[in-house]
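Colleague: my questions are about this predicted structure, shown below with the sequence.
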Amino acid sequence: MRVGLAAAVVATSISSCAPPPVVEQEPLNFVRSMYPFEIRGVDGNAHAYPFAGGFVQPRPQLVDLDNDGDADLVVSEGGRGLAYFERVGNGGPGHGFAWRSDALDGIAPGTWFRMGDLDGDGDFDLLTQGAPGRVRYYRNTGTREIPVFTLAADELMQTNGTDPVTNEDTSIPALVDIDNDGDLDFLHGQADRGHITFFRNDGVSGGLPQFTFVTVDFEGIEVFEDSPSCEKPVVGGRGSLHGANALTFVDLDDDNDFELFWGDFFAQSLYYFNNTGSANEPEFELISEAFPLDEPLTSGGYNTPFFGDVDDDGDFDLVIGILGGLCSSIENKFDNLYFYLNVGTPSDEQYMLQAERLIEGVDLGERAVPVLADVDGDGDLDMVVGNDPLGILGSQLAYYENQGDASGASFRLTDPDWLSLEYDFGAYAPIFADLDNDNDLDLIVGGFNGRLAFLRNTGSSTNPNYVLEDERFQNIDVGQYIRPTFGDVDGDGDLDLLTGESNGLLKIYRNIGTAETPLFDTESNGSPVAADLAYRDAIGLGIDVGFDSAPRFADIDGDGDLDVLTGTQDGPIRFFRNTGSANNPSYVEEQGIAAFRPTTVPAFGDLDGDGDLDSIVGNRSGGLLFYSNGLFQVGIAAPPDIPGDRTMNLRVEPNPSSGRVTFRFDGDVSDDTELAVSDSLGRTVARLPVASAERFIEWDGADAAASDMASGVYVVRLVSAEHVLAATSFTRIR
């Protein structure tokens, strides 16, 4: 009886497919994928990057990371990792950028990062936030084409060896040769004065750049707002209000000196200072408080600009991340990564807006909480995502119908405000479970207030009708940001409740009622009773993940009992394997799933029909991440231990292509290696043998399983003995 019920729990609240085959204590093997299957918006258009994870406060830099002549995009979101998008061509749904890694070399940059050649060897090194107010230095120990960033100084010191190089955590600095002596200096704005701090680069010693503090009043520049408001700013007067800021320098007018751009917490656009001096002796004159001049940006403030030659035409294009300042609005949670192409010349720039959401994917504002369930009873998994786009002022449930099937998902957003639920103050966290044992799925929704709303399904499994019955279900209250999951943890034939919360603890409420009429005992304040807390500790779940725990029950190893995986504020999905049994659980933590976004919330289901549970992960940035379970089977991704496919440097030329392509790669391979070409649904269309001495393979598509290959995005994998050595994507146009 217990085994059957466990399977039913997994099938209804986690997956509608058959249980996965038993695997004896294998470690988790989840692979990150950006485009495993199609997700369409409410307008029917497919997202270019469906599982990019969302952006709330993107901090971008344009940098030619692979040394191919055009600027790639590196962007930090939430400070957990550096996402790398390679520039592979012009146009297309991704504006010519292809995702390569979510966490470049596993680096957590904190609140800021900047790349530049700091040791004079011709490749890019990296500075990031270290300890509060300090600077961390990563040296490139790789090459120009394949950078490898290695920590060289956890706290970068000045030339005197005693004083640290400092930077305000809310200020995004600049690396620029401002004194024209051939090396990169370090400058950052000040939030308390609106001035600029200048550290001069005095060379390299022991592999470390040597910076010397010069002044906190560089060139007498002051950035202030006389009367800060959300109306058009006025130049003139003397104010004292200025804030978190971002600097960048660029030779915008092609006169061999650097202009200055400043984004400020109080400024809805960018301050543009022209250098009226020279490269050796700069002097800055404020030209405008709005930029670009022809098509000015107007946002909520705290704009972070960076220039780079994206299209390799000799002039500077522009990307701007919007972090949200004084006038921040709901739009800034969605349209916050602007991309401008310079359609003018190096000396006469003219900027044309290309995108307000450069990396366009599923993005629901903030705190995305997904759940997978067969809502419409058609045999495949649909998806409902709770969100928090207005903070505690509002929330919705977004319903994505699976218009594919059980062996290949394809989602479309059919209702962005499903059920028009008005409950609590927001931060909805949905979960499905058959709480009245009538063979259909009921809906339980957690909220910011730490409580649960119960919506009974008064319809059927194929025609659900959800009716809100209780906004304080069973008196349960965990504090804030409750994240619920249901499963029969104690093996007595009914559903128990496991919750996460803002303080990072897990709490168990055992069902002392029945499968038809659940009853959860609580203290007067809504906490579990002492016996339930003692039981939680005894089975190994008395843990604190830091903040924002978000657990899910799932039989992830297919052994017939419920394991626990929980999201965390720091990002990684922590995994607690049930090493006991379905009736007598014992949880032991093992290696989980790497995730590089803040406040993760996992959901599990078999989305590719291969018999195991894949994972869709929500996060604080409002988007979703996808991880396929097992060997790389679907999507465009690289193994987590080879970020960005840069070890083998697998590439496709030309890309996009309308005919013959050449697959090139670096490094030695064995004779059992092959190139496997798959479409966007993971279906293999060609396998090309590779000899150990070969470094490239030409292919015209004639031997493809689908000889008339449709236009679209394809993935090519370099595979040896079932191990993926590298992977990349390319676009085919017919």
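Modeller: Structure's in. What do you need? Residues are numbered from 1 along each chain as shown.
Colleague: where does the stretch 151-300 of the chain have low pLDDT?
Modeller: 225-227, 231-242 (pLDDT under 70).
Colleague: which parts of it are strands?
Modeller: Secondary structure of the stretch 151-300 of the chain, counting by DSSP state E, counting those that start in this stretch: strands at 171-172, 174-176, 185-189, 196-205, 208-215, 245-250, 259-264, 270-275, 284-288.
Colleague: those strands: which one's closest to residue 73?
Modeller: strand 245-250 (14.7 Å; Cβ to Cβ). C-beta coordinates here come from the backbone N, C-alpha and C atoms, glycine included.
Colleague: format the strands of the stretch 151-300 of the chain as JSON lines; extra columns: mean neighbour count and distance to residue 431.
Modeller: Output for the strands of the stretch 151-300 of the chain, formatted as JSON lines (neighbours: other Cβ atoms under 10 Å; distance: least, Cβ to Cβ, whole Å):
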{"stretch": "strand 171-172", "mean neighbour count": "25", "distance to residue 431": "39"}
{"stretch": "strand 174-176", "mean neighbour count": "23", "distance to residue 431": "46"}
{"stretch": "strand 185-189", "mean neighbour count": "25", "distance to residue 431": "45"}
{"stretch": "strand 196-205", "mean neighbour count": "19", "distance to residue 431": "49"}
{"stretch": "strand 208-215", "mean neighbour count": "19", "distance to residue 431": "51"}
{"stretch": "strand 245-250", "mean neighbour count": "24", "distance to residue 431": "40"}
{"stretch": "strand 259-264", "mean neighbour count": "26", "distance to residue 431": "40"}
{"stretch": "strand 270-275", "mean neighbour count": "22", "distance to residue 431": "44"}
{"stretch": "strand 284-288", "mean neighbour count": "16", "distance to residue 431": "51"}
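Colleague: wait, residue 40 sits on residue 409?
Modeller: No: counting by Cβ atoms under 8 Å, residue 40 does not reach residue 409; the two are 11.9 Å apart.
Colleague: when these two are compared, which one has more neighbours?
Modeller: Legend: neighbour count by other Cβ atoms under 10 Å for residue 40 and residue 409, higher for residue 409 (29 against 18).
Colleague: count the residues that sit near the residue lying closest to that one once chain neighbours are set aside.
Modeller: With sequence-adjacent residues excluded and distances taken as Cβ to Cβ, 6 or more residues apart in numbering, residue 409 is closest to residue 607, at 4.3 Å. Using other Cβ under 10 Å, residue 607 is surrounded by 30 other residues.
Colleague: wait, residue 607 touches residue 37, no?
Modeller: Yes: counting by Cβ under 8 Å, residue 607 does reach residue 37; the two are 7.1 Å apart.
Colleague: please enumerate the shared neighbours of those two.
Modeller: Counting by Cβ atoms under 8 Å, 6 or more residues apart in numbering, the residues touching both residue 607 and residue 37 are residue 409.
Colleague: in CSV, list the strands of the stretch 151-300 of the chain along with distance to residue 89.
Modeller: CSV is the format used below for these (distance: least, Cβ to Cβ, whole Å):
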stretch, distance to residue 89
strand 171-172, 29
strand 174-176, 28
strand 185-189, 34
strand 196-205, 35
strand 208-215, 35
strand 245-250, 24
strand 259-264, 28
strand 270-275, 28
strand 284-288, 33
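Colleague: now the strands for the stretch 551-700 of the chain?
Modeller: Applying DSSP E, counting those that start in this stretch to the stretch 551-700 of the chain gives strands spanning 563-567, 573-578, 587-593, 601-605, 614-618, 624-629, 651-653, 661-664, 673-678, 684-689, 696-699.
Colleague: ok, residues contacting the third one?
Modeller: Contact partners of strand 587-593, identified using Cβ under 8 Å, 6+ apart, comprise 27-28, 30, 539-541, 543, 563-565, 572-580, 602, 615, 617, 627.
Colleague: partner strands of it, with direction?
Modeller: strand 573-578 (antiparallel) (DSSP bridges).
Colleague: CA atoms only for the strand it pairs with - export them in PDB, please.
Modeller: Taking C-alpha atoms only, strand 573-578 is exported to PDB below (Å, rounded to 0.1, in the frame of the first residue of the first chain):
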ATOM      1  CA  ILE A 573      20.100  23.000  -5.000                       C
ATOM      2  CA  ARG A 574      21.000  20.900  -1.900                       C
ATOM      3  CA  PHE A 575      20.200  17.100  -2.200                       C
ATOM      4  CA  PHE A 576      19.200  14.900   0.800                       C
ATOM      5  CA  ARG A 577      19.000  11.300  -0.300                       C
ATOM      6  CA  ASN A 578      16.700   9.000   1.600                       C
END
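Colleague: which ones are touching the nearest residue to residue 382 once chain neighbours are set aside?
Modeller: Once flanking residues are discounted, residue 382 sits nearest to residue 375: 4.3 Å by Cβ to Cβ, 6+ apart. Shown in contact with residue 375 (Cβ under 8 Å, 6+ apart): 382, 384, 399, 401, 432, 441, 464.
Colleague: what's the answer for residue 332, then?
Modeller: Counting by Cβ under 8 Å, 6+ apart, residue 332 touches 299, 300, 322, 324.
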